[in-house]
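> Need the 3D shape of this:
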Amino acid sequence: MLANSVVKLFESKTVLEDDLACSPTAIPAGLGKVVTVDRHLTPATKCRVGSDLTVNEGILNVMDLWISNKESKSALDRTLKAISRLLPKNNNLPSSLAPDLSVSKHYFCKACGMYSEHDDPCSICVTDNEAIENSSPENGHFFIFDIGCILKYWFEERNLEKLMHECRGNNNLGDGTYSDIQDGTIYKSVNSNSSRHDVNLVLGIDGVSLRKFSCKECWIVMAVPVEVPIHLRASFTTVVGIWYDKVKPKNMNEFLKPFCEKIKAINEDQGLCWKHPDTGETHKSQIEVPLVVADAPARAKEQNLMNFNSINGCNICEIATVRCAPQPGKKIIRYYRYRHNLTLRNKETMHHQAAQATDTGKPVKGVKGPSILSILPNFDILPAAFQSTCTACSWDPGSKLLRYLSSRLNPSNIQHPDFIHRIGRTFKHLSAWKASDYYYFLLYEALPVLQEFLPEMYFQHLILLVRSIFHLLKRKVSESDIIEAGLLLRLFVQEFQTLYGDRAMSYNVHQLCHLALSVKRFGPLHCNSAFPFENMNGIIAKATHGTNFVSQEIVNNIRIYQGVQRSERISKGLDSNITQFSQFCSGEVLGRCREVEVNHEEMELLGTSSVKVYSRAKLGFDVYTSEIHKKLKTANYYVMWKHKEANLYGSVRYFLERENVFSVCVRMLKIDHVNVIYHHETLKSVTHLIPFQLSDEVILINDQQILSTFVKVGKVKNFLYVRPNTLRSVL
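Alright, predicted model coming up:
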């Protein structure tokens, strides 16, 4: 029974986690299935005779209920036992776990951080038998998932090779634009001699706060394949390492050592062996890691560099920070003075500096020593560690300014569509804002909202940042976009010191100088964002309830979550077609029809003074509302569409369906060219913010070709805004 399987897992409270993790018969983890379907069962297999519910649907319903309600393990235990008593004995629900993947436990010395395969006293900290008896250093442990088993699961059960082949074909357009990581210079250099079966992984490293005021450190390492469609990439995100202890990793060398050595061993053995699910042929795949996404603290640890606030804290260039002038009542800090010519780090120089630092015991240009990542084949430790988008796009003085203006700003003038997931945080609650809140504010709200408050010099300065970030986030970034954004960002940083002073020249501001270079190396910013990895961090944190054996509980949670993901993919066939994401479905009205009185213009258009209409409809994958729909926090009735290569804008009045013909009644919005925001010195306008005026013109659209170009836009005061890209699950 399914219940018995999961019950056994959670009844392991009485078993030491050492025994559970290290036993030869240990329950597999990673993508090992806590709730999985036996291999002889098909997606259409019913739970029992006469049931309309398939096994996958049954598993998905039960486990999704547990995850969505954030229930404890004991609550899940009781639920599964109740279901077992209700079902007949001859049901098809799985009775055991599928031993596909494994997790291994590794140890480290808490005093010096030295890695050990076994729980033995540290050979460095302990020198004689007397010291061993009297003051044996305490060992900590961490978990590493078998990346070979994970990749084998991807290839054999999710047909990763097919997705990789189709994705590479779609990205190999040869038009000189950057649309994905595969278009970046780093990916191309790493894969210059690779075969079609070789796989590239992006690693994400971040610290997680499981609960407030916790004294424990939790670090998660995740991996995701590069050569899959962007909309499927989040579903492949897999945890490959867990660190939970009172001490944080001194550097990432010990934490990442088992993972890196596993990849090195696979490649030295001529690749990972797997069987193609369609042809049955055996193939071998090499593993490359062209990119690591991390924030500033994690980046310093993985590259074995000094922290970002040290003398040589930048991981891309060798700039030296400067001590700011002392001010009464303020501590002395180091700042990044703007430089025209920056000396970029390179692989050979960093290896030489790491060797020097090892010999002298002192950092050289910020390099403390070699990084374990350098043992990975074709891995370049310099460019492969990338700053996360949410940090690099920050605007440091913005929070202070918003606190000052919070009483004068009116958030009711801001109407976001539902693609803005975080809505409702007012300017008075800035302390609760997340990185995505600042991201949305900077890109869409800052210029329209602050236009009447900021002095012209400061407003013109902000335009440089908003325009350049928008261009680097576009679905396709051209070479000219990168050059222009690089120049505008350098101008922004140069003027930043004059406007805000030395103390404001932080690491985040300095990173803007390298943002265009990062796009050239790794593709648009939305391809290497840290947000998908942070979403997984949130799932792990919310599902962790216990206080003892937390690291083992995290392993169990990951197993459950990814088992649910697998059941959902099988049940809904999410991996079946790479093109399903871009297919457009014809319009479909939603809800009940209602009778409304129309104005004179609409009466001439429709030929009647009273008509039955709908307030909601579905176009493609998106649900749109209208002006007659009840007021919600989101406003999904401002739209943009293409007509004869021109972009038109409007507000949806209502939806109609007459004689099986779907139509949309739209009030046209005219562009107010007088109030276009542009930078006076460079004469560059902010193209994604469109000033508009209301119009009395009403049109009826029923052309499916035009409806297929409908895109939601947002409204901030008297401006409409469009997104840099319409990708789902990414920025």
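> got the buried residues for whichever helix or strand Gln460 is part of?
Secondary structure from DSSP states H and E places Gln460 in helix 456-472. Using 16 or more other CB atoms under 10 Å as the test for burial, helix 456-472 gives 459-472. All C-beta atoms are positioned from the backbone trio N, CA, C, and that covers glycine.
> Outside of it itself, which residues are in contact with it?
With contact meaning CB atoms under 8 Å, 6 or more residues apart in numbering, helix 456-472 is reached by 393, 395, 442-443, 446-447, 450-451, 454, 477, 481-482, 484-486, 488-489, 491-492, 495-496, 499, 512, 515-516, 519, 524-525, 677-682, 684-688, 724.
> Among these, name the ones in helices.
Among those, the residues falling in helices (DSSP state H) are 446-447, 450, 481-482, 484-486, 488-489, 491-492, 495-496, 499, 515-516, 519.
> Can I take it that Thr726 is in a helix?
No. Counting by DSSP: H, G, I helix; E, B strand; the rest coil, one finds Thr726 to be coil, located in no helix.
> Can you report phi and psi for it?
phi -110, psi 20 (degrees, to the nearest 10).
> who's in contact with it?
Residues in contact with Thr726 (CB under 8 Å, 6+ apart) are 475, 711.
> And it, how far from Ser235?
Here the criterion is CB to CB, to the nearest Å. By it, Thr726 lies 19 Å from Ser235.
> swap in Gln704?
Distance, Gln704 to Ser235, using CB to CB: 30 Å.
> Out of the buried residues of helix 456-472, which is nearest to Ala355?
Leu472 (35.6 Å; CB to CB).
> got a pLDDT number for the closest one?
The score at Leu472 is 93. That number is its pLDDT.
> Report the helix or strand with the lowest average pLDDT across the protein.
helix 17-22 (a mean of 34; mean pLDDT, DSSP states H and E).
> and the most centrally placed residue in the chain, what element?
Closest to where the C-alpha atoms of the chain average out (CA atoms, centre = their mean) is Pro532, at 1.8 Å. Using DSSP H and E, Pro532 sits in helix 531-542.
> I'd like the distance from that helix to the chain centre, please.
Relative to its chain's centre, helix 531-542 lies at 9 Å (CA atoms, centre = their mean, to the nearest Å).
> any idea of the mean pLDDT for it?
Mean predicted lDDT for helix 531-542 stands at 78.
> List the buried residues of that helix.
Using 16+ other CB under 10 Å as the test for burial, helix 531-542 gives 531-534, 536-537, 540-541.
> Nearest to Leu76 among the residues you listed?
Distance to Leu76, by CB to CB, is smallest for Ile540 among those, at 16.3 Å.
> Make sure that closest one is actually in contact with Asp206.
No. At 10.8 Å, Ile540 does not count as touching Asp206 under the criterion of CB atoms under 8 Å.
> hey, what's in contact with both of these two?
In contact with both Ile540 and Asp206: Ile220, using CB under 8 Å, 6+ apart.
> What separation do you get for the nearest residue to the residue nearest to the centre of the chain once chain neighbours are set aside and Leu291?
The spatially closest residue to Pro532, leaving aside those adjacent along the chain, is Ala234, at 4.9 Å (CB to CB, 6 or more residues apart in numbering). Going from Ala234 to Leu291 by CB to CB gives 16 Å.
> repeat for Tyr153
In terms of CB to CB, Tyr153 sits 22 Å off from Leu291.
> Looking at those two, which is more packed in?
Neighbour count, other CB atoms under 10 Å: between Tyr153 and Leu291, Leu291 has more, with 26 against 21.
> which element is that one on?
Going by DSSP H and E, Leu291 is part of strand 287-294.
> partners of that strand in the sheet?
Partners of strand 287-294 in the sheet, by DSSP bridges, are strand 199-208 (parallel), strand 385-387 (parallel).
> chain center to that strand: distance?
15 Å.
> and the next element down the chain from that strand?
Next along the chain after strand 287-294, taking DSSP H and E as the criterion, comes helix 296-303.
> which residues in the stretch 201-350 of the chain form strands?
Assigned by DSSP state E, counting those that start in this stretch, the strands in the stretch 201-350 of the chain fall at 217-225, 238-245, 272-275, 282-285, 287-294, 322-323, 334-335.
> which one of these lies closest to Asp437?
With CB to CB, the closest approach to Asp437 among these belongs to strand 287-294: 20.3 Å.
> Can you give me every residue that contacts Gly591?
Per CB under 8 Å, 6+ apart, neighbours of Gly591: 614-616.
> The strand or helix carrying Asp359 to helix 296-303, inter-axis angle?
Here Asp359 sits within helix 347-360, counting by DSSP H and E. Interaxial angle of helix 347-360 relative to helix 296-303 (axes from the mean of the first three to the mean of the last three CA atoms, to 10 degrees): 80 degrees.
> any idea how far helix 347-360 is from the chain center?
Distance, stretch centre to chain centre, for helix 347-360: 33 Å (CA atoms, centre = their mean).
> Give me the residues contacting that helix.
304, 363-365, 367-371, 374, 380-382.
> now, among those residues, which is nearest to Asn170?
Asp380 (26.2 Å).
> does that closest one really touch Thr185, like I thought?
No. Between Asp380 and Thr185 there is no contact under CB under 8 Å: 10.7 Å.
> Among the two, which residue is more densely surrounded?
Between Asp380 and Thr185, counted using other CB under 10 Å, the more crowded position is Asp380 (18 against 14).
> tell me which element that one is part of?
Judged by DSSP H and E, Asp380 forms part of no helix or strand.
> start the count at 525, not 1, going forward
Sounds good: first residue 525 from here, last item Asp904.
> what's around the closest residue to it other than its chain neighbours, how many residues?
Setting aside the residues directly before and after it, Asp904 is nearest to Lys871 in space (CB to CB, 6+ apart), at 5.1 Å. Taking other CB under 10 Å as the criterion, the count of residues near Lys871 is 14.
> Kindly state the domain boundaries assigned to this structure.
Structural domains assigned to the chain are 670-828+901-911, 1105-1245, following automatic domain parsing.
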